[in-house]
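1. Need coordinates for the below:
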Amino acid sequence: MESQLSQVVDALPGLVWTAQPHGEVDFVNRRWREYTGISSDAAAGWAWQSAIHPDDLPRLLDHWRLLLQSRKPGEFEVRLRRFDGVFRWFLIRVLPSRDEHGQVLKWYGQNVDIEDRKRAESLLTEEKRLLEMMARGSPLTEVLDALCRFVESATPDSHCSILLAEPGATRLQFGAAPSLPASLVDAVISLPLNAESGACSTAISLNQQVIASDIMSETRWQSSGWCAVALQHGMRACWSTPISSRNGRVLGSFAILYREPRTPTTLHQNLIEQFTHLASIAIERSQSDAALRRSEEFLAKAQQVSSTGGFYWRPATREVIWSEQVYRIFELDPAVPVTLELIFTRLHPEDIPAFEEMLERQLRDGTDFEHDHRLLLPDRSVKYLHVVAQATRDQDGSLLYVAAVQDVTQQRRSEEALGKLRSELAHMARVTSLGALTASIAHEVNQPLSGILTNACTGLRMLSAHPPNIEGARETARRTIRDANRAADVITRLRGLFAKKDFTTELVDLNEATREVAALAASELNRSRVVLRTELAEGLPPAMGDRVQLQQVILNLLLNASDAMSGVHDRPRQLVIRTEPEGGKRVRLSIQDVGIGLNAESVDQLFEAFYTTKAEGMGMGLSISRSIIESHQGRLWAEANDGPGATFAFSIPCGAENGTVVEGYGVVSTPAVADAEQIMGSR
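-> Next comes the predicted model:
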């Protein structure tokens, strides 16, 4: 019966054995003997221990003794040596056989090969560890080194390397090679990156696996010397596989080398596939992190150079997140949490109401916005800020503002300095214009002064007559007062036109301002034989602006038009000043001459500073005029006439029209304007 049972057990495909109650092995089946290469006699008693991996034996013996004492079933995992010396993992299950009194009569054991399961578990564990290293942000060299070391432990006698290939690179770069001689690695990466420079370069260049099972018999790569270098370092086999990104771009190569000729098995190929995939994840993650760091550095530098910072604002939670540059702008410690209350401590007191109104509006509307405000810093210095924000929604659907804030203090100061300089230039231009009008001014003032002198002499003669001509003297006194008022009016207009004063916004009757300028320039125009015709629109709405500056523009355009006709001798030198409403909310003034006209190619240059067509000109008049009109939210342009000459015109906003508020200005009643003959008559 026992002999028959032994035959049955020998026929089982598993590794089966039995032992006495105290643990001595008394039977091993044929499959066990064939696998280990140990005979039944050599395995009897405790001699079976020679088949156990030395590192696992102490643990196994301790566990076996505990089972003998407890007399309970058990199992444990150990590595069992195969007849060819290869160790594989086995699960040993032990079951006691008892009599009716519970005493152990026999121990029955079975060894189950779990090498594939252990390898899968090991691979899973190592994969998890490598992924955790990547997630922690471990350096790429550490991750690749750990990957190579694990493959070397999983494939005995192997040497692994990972070489990297940057886009457009002409040489390979070192990634990891924990067990390879540094001289071999240096020799490989010194070769050009092409299909003739060795297994790794070929794999990368062709984007396909390259197997060199026996380097000694290889005929490839002879010209590069790669085979000779590998053999000098004792390497006889090299399996190189390209590491590819998700989009197919080759990132590098993963190579396994042996000191004996080898061909990869299916197990090797599975291992290579798994770990090239892990290597690609590590390399791509590292490259992405590096690109992100560079992008953040560039952004931080750009923000610093442009004095621009970014921030997030979640109105629902009042949460504000600042970039480092915003902390610099507000001159606050980055360690200090940002709150709206903290922001208010830096706001200029005069800007707080507008800032609060902006917050309420954005909480209510949830739209994009721009806002300007000032900071008042502890040292009492003032900064000007410009904020641009875009409204969006976060993952929860809550309102989120993504915004940029720029320090525009220097820009504001430059604008103020430019405004002062422009004012100085404008004043200089007015004074320059005064030189051109000297003769006209002398004529304007000389006439009433001569009249005053003549009337005074006449009045004295009338009073000295016998009897005194009282009525005649009274009339002469009236003419004297009239001429004195005429002289005073001329001086008043000149003082207003050439005074140096700040920009003042008021309602300006453009017709009246035009008549005053025309009266001032009348003598100069007469001397130049220019016929002036005015076509001033009736009921023209008042413009909003600075009266003196607008008159300066009109005077400059008037004199330019006169100069443009100085060489005209074959036709009347006619000049037309025209005013008219434009689109209901603007007024236009144009000055049309019949002079030499415009060159279409140089029209835009006319308004550039220091550009002039006059030998004695400064080239500032039209440039300053355009600046003045643009500061009035208007535009100044020039165009050629259908016939001879050119037309210069400007358009500016109205202040009020027909008693109705226009563009936010209050209603101001327009004063009555004297007729042109009243202003220009009795010259």
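2. Need the three-state assignment for the residue of the chain positioned farthest from its centre.
-> Distance from the C-alpha centroid of the chain peaks at residue 466, with 97.3 Å (Cα atoms, centre = their mean). In three-state terms, and counting by DSSP: H, G, I helix; E, B strand; the rest coil, residue 466 is coil.
3. Need the pLDDT of it.
-> Note on residue 466: pLDDT of 82.
4. next one: residue 460
-> pLDDT for residue 460: 83.
5. start the count at 49, not 1, going forward
-> Got it, the first residue is 49 from now on, which makes the last one we talked about residue 508.
6. Secondary structure of it: a strand, I assume?
-> No. Counting by three-state DSSP, residue 508 is not part of a strand but helix.
7. roughly how far apart are it and residue 531?
-> Distance of residue 508 to residue 531, given as Cβ to Cβ, to the nearest Å: 16 Å. For the C-beta atoms, the positions are set from N, CA and C on the backbone; glycine is no exception.
8. Which one of these two is surrounded by more residues?
-> Shown here are residue 508 and residue 531; by other Cβ atoms under 10 Å, residue 531 has more neighbours (21 against 12).
9. For that one, pull up the helix or strand it's in.
-> helix 518-546 (DSSP states H and E).
10. Check which element follows that helix along the chain.
-> strand 554-556.
11. Kindly format the C-alpha coordinates of the very next helix or strand once past that following strand as PDB.
-> Per DSSP H and E, the first helix or strand lying C-terminal to strand 554-556 is helix 558-575. The C-alpha coordinates for helix 558-575 follow below in PDB (Å, rounded to 0.1, in the frame of the first residue of the first chain):
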ATOM      1  CA  LEU A 558     -14.900 128.200 -31.300                       C
ATOM      2  CA  ASN A 559     -16.400 130.900 -33.500                       C
ATOM      3  CA  GLU A 560     -15.500 133.700 -31.100                       C
ATOM      4  CA  ALA A 561     -12.000 132.200 -30.500                       C
ATOM      5  CA  THR A 562     -11.500 132.100 -34.300                       C
ATOM      6  CA  ARG A 563     -12.700 135.700 -34.800                       C
ATOM      7  CA  GLU A 564     -10.200 136.900 -32.100                       C
ATOM      8  CA  VAL A 565      -7.300 135.100 -33.800                       C
ATOM      9  CA  ALA A 566      -8.400 136.400 -37.200                       C
ATOM     10  CA  ALA A 567      -8.500 140.000 -35.900                       C
ATOM     11  CA  LEU A 568      -5.000 139.600 -34.400                       C
ATOM     12  CA  ALA A 569      -3.600 138.300 -37.600                       C
ATOM     13  CA  ALA A 570      -5.500 140.600 -40.000                       C
ATOM     14  CA  SER A 571      -2.600 143.100 -40.600                       C
ATOM     15  CA  GLU A 572      -0.100 140.300 -41.300                       C
ATOM     16  CA  LEU A 573      -2.500 138.700 -43.700                       C
ATOM     17  CA  ASN A 574      -3.200 142.100 -45.400                       C
ATOM     18  CA  ARG A 575       0.500 142.700 -45.800                       C
END
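12. Helix 558-575 packs against which elements?
-> Secondary-structure packing of helix 558-575 (3 or more Cβ pairs under 8 Å, 6 or more residues apart in numbering; DSSP states H and E): helix 486-512, helix 518-546, strand 578-584, helix 595-612, strand 621-630, strand 634-640, helix 724-728.
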